[in-house]
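In: predicted model and sequence below, questions to follow.
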Amino acid sequence: MSSPMRSSRPVAALRWAFIIVALMCSVGPVLYGVLLSLRPYSAVLLDPLDVVPGLSEIDLSSYTTAMKDPSAGGFGLGRFVINSLLVAVAAVVLSIIGCVFGAYAVARLRYRGRRFTSAIILAVYLFPGIVIAVPEFVILSRMGLTGSLYGLLIIYVAATIPVALYMMRNYFLALPESVEEAALLDGCSLPTMLRKVVLPIALPGVMATAIYVFMIAWNEYFYALLFLVQDRSLWTAPLGLAQLTDQQVPVTVLLAGSIAVTAPVIAIFFLAQRYIVAGLTSGADR
């Protein structure tokens, strides 16, 4: 009779083999691109399969070329990254402020047409962006905002608030109402209770929603092309990265630009993890 230990070893080995193969398929191409971006373009042309560069071969000129302004011999990606960062952060702040109050009202307050309001919020998000792009462009063009980052910010906030509100609504519904009732019995007003009791407990949901909104605003391409194509100085990172796909651009510069655009999202995700854990512990202490 075989022991459970012996029967579990093949399963564990098979599981680890599957994990290693999945990591190689997902992380392998990214790691290969990072290593190629650290090599001179001439060395890549001579031996593109030489994955690991030597210490004397490491060259960061592809990153500087991708980030520098065209007047300095670069492709201006640094300016585009700053534009994307400004718009994405502003979209996160405005969307979170709007969706926190709106989601709490939909989740907790009792009023006529509550279910209909929730359905409308979700229905707005289900419309494809291409369908409402023309009326949005006409409205903002009459307001004189089609060639500015402010107009793009309005579009991003309008596009992200419905899904952010729906996400926060579900999180507020999962919170225990007894905590809010206890705060009201202790004399807290509704704004005070929302600020000092509900938001600290809901911090993980707020951070998750903020990361989602940031990724939407950071990676969005269609509206940025529609509103900013005429003014190159206002381009966002996806537009700047698209110009690097030209055949005349060295592949090392393209890879360096792609990594530089991806790095802020990864950094923000890892930094936000700490705050999510802090929000979970503070909510448990209350």
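Out: It's in. Residues are numbered from 1 along each chain as shown.
In: CA atoms of the host helix or strand of Met207 as CSV?
Out: Element membership for Met207 (DSSP states H and E) is helix 203-219. Provided in CSV are the C-alpha atoms of helix 203-219 (Å, rounded to 0.1, in the frame of the first residue of the first chain):
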residue,chain,number,x,y,z
LEU,A,203,-8.8,51.7,2.4
PRO,A,204,-8.0,48.4,0.6
GLY,A,205,-11.0,48.9,-1.8
VAL,A,206,-10.0,52.6,-2.3
MET,A,207,-6.4,51.6,-3.2
ALA,A,208,-7.5,48.8,-5.5
THR,A,209,-9.9,51.2,-7.3
ALA,A,210,-7.2,53.9,-7.5
ILE,A,211,-4.7,51.4,-9.1
TYR,A,212,-7.3,50.3,-11.6
VAL,A,213,-8.2,53.9,-12.6
PHE,A,214,-4.5,54.8,-12.9
MET,A,215,-3.8,51.9,-15.2
ILE,A,216,-6.8,52.9,-17.4
ALA,A,217,-5.6,56.5,-17.7
TRP,A,218,-1.9,55.5,-18.1
ASN,A,219,-2.5,53.0,-20.9
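In: show me what it is packed against.
Out: Counting by 3 or more C-beta pairs under 8 Å, 6 or more residues apart in numbering; DSSP states H and E, the packing neighbours recorded for helix 203-219 are helix 77-108, helix 149-174, helix 251-285. Every C-beta, even on glycine, is put in place using the N, C-alpha and C of the backbone.
In: quick check: angle from it to helix 149-174?
Out: 150 degrees (axes from the mean of the first three to the mean of the last three C-alpha atoms, to 10 degrees).
In: rewinding a little: for Phe127, which of the helices and strands packed on helix 203-219 is the nearest?
Out: helix 149-174 (9.4 Å; C-beta to C-beta).
In: name the helices or strands packed onto that closest one?
Out: Using 3+ C-beta pairs under 8 Å, 6+ apart: helix 149-174 touches helix 77-108, helix 114-126, helix 129-142, helix 203-219, helix 222-228.
In: ok, of these, where does mean pLDDT dip lowest?
Out: Mean pLDDT is lowest for helix 114-126 among these, at a mean of 72.
In: quick one: that helix to chain centroid distance?
Out: In terms of C-alpha atoms, centre = their mean, to the nearest Å, the centre of helix 114-126 is set 23 Å apart from its chain centre.
In: got the angle between it and helix 129-142?
Out: Using the same axes, to 10 degrees: helix 114-126 against helix 129-142 is 90 degrees.
In: what angle sits between helix 114-126 and helix 77-108?
Out: Calculated by the same axes, to 10 degrees, helix 114-126 forms an angle of 160 degrees with helix 77-108.
In: which residues are in contact with helix 114-126?
Out: Val106, Pro162, Val163, Leu165, Tyr166, Arg169 (C-beta atoms under 8 Å, 6 or more residues apart in numbering).
In: try it again with 10 Å
Out: 99, 102-103, 105-107, 111, 113, 132, 158-166, 169 (C-beta atoms under 10 Å, 6 or more residues apart in numbering).
In: mark which of these are buried, thanks.
Out: 99, 102-103, 106-107, 159-166, 169 (16 or more other C-beta atoms under 10 Å).
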